[in-house]
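*Asks:* let me see the structure of the following:
(one chain, ligands or ions: 2)
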Amino acid sequence: MKKLYLRTFGCQMNEYDSEKISDLLREAEGLELTAQPDDADVIVFNTCSVREKAQEKVFADLGRVRHLKQQRPEVMIAVGGCVASQEGPALFGPQTLHRLPQLLERRRSSGKPQVDISFPEIEKFDHLPPARVAGGAAFVSIMEGCSKYCSFCVVPYTRGEEVSRPFEDLVAEIDGLVQRGVKEVTLLGQNVNAWRGTIDGAPADFAELLRYLSELEVERVRYTTSHPREFTQRLIDAHRDLEKLAPHVHLPVQSGSDRVLAAMKRGYTALEYRSIVRRLRQARPDVSLSSDFIVGFPGETEADFAATLKLAADAGCDASFCFVYSPRPGTPAADLADQVGHQEKIERLQRLQRQLDQQAAAISDAMVGSTQRVLVEGPSKKRPAEVAGRTANNRVVNFPGGAALHHSYADVRITAALPHSLRGELA
Ligand code: SAM
Ligand code: F3S
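*Replies:* Ligands and ions are numbered 1, 2, ... in the order given. This is a model prediction of the structure:
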C-alpha cells in the first residue's frame, strides 16, 4: 500500500485543509497516512506563514526529508498552504489543494517541478471529498480568504480575498453531515461574519445564514473566527434568539490601545470592541468570549500594553491566544520604524499569558456545581471506563459513562476544575 506523510503547520483552517488533502489523495492515489516520512511515497507539508517561526519550521522540516528524495527519486514532495503561496518543486496554494492529484501526475510525467498557487474563486469546494466526521462534530468551511488587510498579516496575500460559499451548498453539506450522525457543526472561515449570499432570492448576511442553518436538524452550531468590524447588532440578536447557537464567540481584538489598533488597521476602537462585548453579554449572559492578542507591535509602549491587559480583564476573556508580533515580509507593518525589542516582547507575552490563564482558571472554578450540556466525543483518554465531552465554552469534561453516550449530548454536573479539564457526573 502506498503511504502519505502529511505534516500540518498553523491554524484550524490548515487542519481543515489537511483533512481534505489526505481524503483527496486516498481517493485519487490510494494513499494511506503514515507517521514516518521514511516510509512515505508522497510527502506533503501543509504550511503556515502567519508568523516567522512557523515558516522557519517548514524549511527545517524540508531539509530533514531532502535525503529521502536523493535515496528514492520516485518519492514526491509537495509543499502547500501559505508558505507555498508566498515562495511560489510541487507547490500548491490553499485555494488549489483540490488540484494536487493532477499536480503530482504532471510532476511524474514531465519530471519537472510543478506550481499552482492561483486563487480560482470557490472552485476548490466543488472538487473536494465530503467533510470528515469526528466525535459527532464536523467543520464546514463557509468562506475563504480575507479582505481586511490588517497591516501585520499575510493572510489576504496568501489565501486571497474573501469569497463566500453559496447558501445551497452549505445546506446540502450540513444535511449530508446530519445523515452521517453529526450533531454539531463549526462554521469555519478567516472572517465568518463577512459571509454574504443569497437566501430565498434575497441578499443575506451571516446573521441571516445562522437563522436558516439553525432550522436544520443539527443540534449545536459554532463558528470561528469572527471580526469585530462586522459584528453587527443582527449577529448579537441571533445569539439572543437562537438556542442552537453555542454561547461561545472567538472575537480577536489584538490590542486594547486605540493608537495600536489604528496602526494595525483593524477598523475599530477599544471602546467599540467593549460595546460589542457588553451588548453580547446582555443578549446572551452565559456567553464565553475568547480572543487573539498581539504583543510588541511596532511602537507599542508600556501604556499601550497596559491598555491591552485592562481590556482583556474588563472583557472577561476566557482561554485565548497571545502572539509575539512577527514582522512578515510584504506587509506594511514590517517597514514601520520603532520595532519593540525581543526581550520586551517576550516579557509582555508572559505577563498577558499569565493573566489570561488566571482568568480562564477562574471561569473553570466558577463552573463547578453548574450543569453543562456536553457533546460526548468518545472514551476518556486517561480512564477507559469514562467518557470525554466538550462544553459549549470548549472545555473537556471527563465523567463516568459508557459507549452508549458516545457522539450524543449529555447534561453533566461539574464536580471539579483541573488545570486542563473538568470532572463531572451525569446530571
Ligand atoms: N481571522 C483570522 C483567524 O483568527 O482565524 C485571523 C487569522 S490569523 C491566522 C490568526 C491570528 O494570528 C491573528 O488573529 C493574529 O493574532 C495572529 N497574527 C497574524 N499575523 C501575525 C503576525 N504578523 N505576528 C503575530 N501574530 C500574528
Ligand atoms: Fe489577517 Fe486581519 Fe484578515 S488578522 S486574516 S488580515 S482580519
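
*Asks:* other residues contacting stretch 75-82?
*Replies:* By C-beta atoms under 8 Å, 6 or more residues apart in numbering, the residues outside stretch 75-82 that reach it are 9-10, 14, 17, 21, 40-50, 58, 62, 65, 68-69, 87, 89-94, 97, 100, 103-104, 107-108, 154-155, 158-159. All C-beta spots, glycine's among them, are computed from the backbone N, C-alpha and C.

*Asks:* now intersect those with the strands, please.
*Replies:* Among the contacts of stretch 75-82, DSSP state E puts 42-47, 90-92 in strands.

*Asks:* residue 375 contacts residue 183, correct?
*Replies:* Yes: assessed by C-beta atoms under 8 Å, residue 375 is found in contact with residue 183 at 6.0 Å.

*Asks:* any stretches of the stretch 301-427 of the chain with poor pLDDT?
*Replies:* Within the stretch 301-427 of the chain, no stretch has pLDDT under 70.

*Asks:* would you map the helices across the stretch 301-427 of the chain?
*Replies:* 302-314, 342-367 (DSSP state H, counting those that start in this stretch).

*Asks:* list the buried residues of the first one.
*Replies:* If I follow you right, that is helix 302-314. Neighbour counts over helix 302-314 (16 or more other C-beta atoms under 10 Å) mark 304-305, 307-309, 311-312 as buried.

*Asks:* re earlier: pipe the helices of the stretch 301-427 of the chain into a markdown table and attach distance to ligand 1 per row.
*Replies:* Converted to a markdown table, the helices of the stretch 301-427 of the chain look like this (distance: least, C-beta to the nearest ligand atom, whole Å):
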| stretch | distance to ligand 1 |
| --- | --- |
| helix 302-314 | 12 |
| helix 342-367 | 10 |
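
*Asks:* residue 289: what's it in contact with?
*Replies:* If you count contacts by C-beta under 8 Å, 6+ apart, residue 289 has them with 248-249, 251, 277, 280, 315-318.

*Asks:* name whatever forms a beta bridge with it.
*Replies:* Note on residue 289: beta-bridge partners residue 249, judged by DSSP bridges.

*Asks:* could you do residue 78 as well?
*Replies:* residue 44, residue 90.

*Asks:* picking up where we left off before, for residue 290, find the nearest of the helices of the stretch 301-427 of the chain.
*Replies:* helix 342-367 (8.8 Å; C-beta to C-beta).

*Asks:* angle of that closest one against helix 302-314?
*Replies:* On the basis of axes from the mean of the first three to the mean of the last three C-alpha atoms, to 10 degrees, helix 342-367 is oriented at 10 degrees to helix 302-314.

*Asks:* picking up where we left off before, overlap in contacts, residue 375 and residue 183.
*Replies:* Listed as contacting both residue 375 and residue 183 by C-beta under 8 Å, 6+ apart are 136-137, 220, 407-409.

*Asks:* run a quick neighbour tally on whatever residue of the stretch 151-300 of the chain ends up closest to ligand 2.
*Replies:* Distances between the stretch 151-300 of the chain and ligand 2 by C-beta to the nearest ligand atom are smallest at residue 153, namely 3.1 Å. Using other C-beta atoms under 10 Å, residue 153 is surrounded by 21 other residues.

*Asks:* that one contacts residue 49, correct?
*Replies:* No: under the criterion of C-beta under 8 Å, residue 153 is not in contact with residue 49, lying 10.3 Å apart.

*Asks:* relative to residue 332, which of the buried residues of helix 302-314 is nearest.
*Replies:* Closest approach between the buried residues of helix 302-314 and residue 332, by C-beta to C-beta: residue 304, at 18.4 Å.

*Asks:* and the closest one, what is it in contact with?
*Replies:* Contacts for residue 304 were tallied using C-beta under 8 Å, 6+ apart; they are 255-257, 259-260.

*Asks:* which one of those residues sits closest to ligand 1?
*Replies:* Closest to ligand 1 out of the contacts of residue 304 is residue 255 (9.6 Å), distances taken as C-beta to the nearest ligand atom.

*Asks:* quick check: that closest one vs residue 223, distance?
*Replies:* Distance of residue 255 to residue 223, computed by C-beta to C-beta, to the nearest Å: 23 Å.

*Asks:* likewise residue 96?
*Replies:* Separation of residue 96 from residue 223 (C-beta to C-beta) stands at 25 Å.

*Asks:* of the shared contacts of residue 375 and residue 183, list those near ligand 1.
*Replies:* For ligand 1, no contacts are drawn from those by C-beta under 6 Å from any ligand atom.

*Asks:* for ChimeraX, what selects the buried ones among the residues you listed?
*Replies:* Per 16+ other C-beta under 10 Å, the buried members of these correspond to this ChimeraX selection:
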select :136,137,220,407,409
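
*Asks:* can you tell me which of the shared contacts of residue 375 and residue 183 are in strands?
*Replies:* Checked against DSSP E, the shared contacts of residue 375 and residue 183 include these in strands: 137, 220, 409.

*Asks:* one step back: PyMOL command to pick out the buried ones of the contacts of residue 289?
*Replies:* Here is the PyMOL command that selects the buried residues among these (16+ other C-beta under 10 Å):
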select buried, resi 248+249+251+277+280+315+317+318
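
*Asks:* that older thread, which of the ones in strands among the contacts of stretch 75-82 ranks first by neighbour count?
*Replies:* Within the ones in strands among the contacts of stretch 75-82, most neighbours by other C-beta under 10 Å means residue 47, with 29 neighbours.

*Asks:* for the closest residue to that one other than its chain neighbours, which three-state class applies?
*Replies:* Distance criterion C-beta to C-beta, 6 or more residues apart in numbering; nearest residue to residue 47, sequence neighbours excluded, is residue 83 at 3.7 Å. Three-state assignment for residue 83 (DSSP: H, G, I helix; E, B strand; the rest coil): helix.

*Asks:* tell me how many other residues surround residue 83.
*Replies:* Using other C-beta under 10 Å, residue 83 is surrounded by 26 other residues.

*Asks:* wait, it sits on residue 49?
*Replies:* Yes: here residue 83 reaches residue 49: they are 4.7 Å apart, a contact under C-beta under 8 Å.

*Asks:* between these two, which contacts overlap?
*Replies:* residue 55.

*Asks:* what is the burial count for residue 245?
*Replies:* 23.

*Asks:* report pLDDT for the residue in the stretch 101-250 of the chain positioned nearest to ligand 1.
*Replies:* Residue nearest to ligand 1 within the stretch 101-250 of the chain: residue 225 (3.6 Å; C-beta to the nearest ligand atom). At residue 225, the model reports a pLDDT of 93.

*Asks:* do the one 10 residues further on as well
*Replies:* In the prediction, the pLDDT value recorded for residue 235 is 98.

*Asks:* ok, the nearest residue to it once chain neighbours are set aside - contacts?
*Replies:* Excluding the flanking residues, the one nearest residue 235 by C-beta to C-beta, 6+ apart is residue 207, at 4.5 Å. Neighbour list for residue 207: 232, 234-235, 237-238 [criterion: C-beta under 8 Å, 6+ apart].

*Asks:* appreciated, that's everything.
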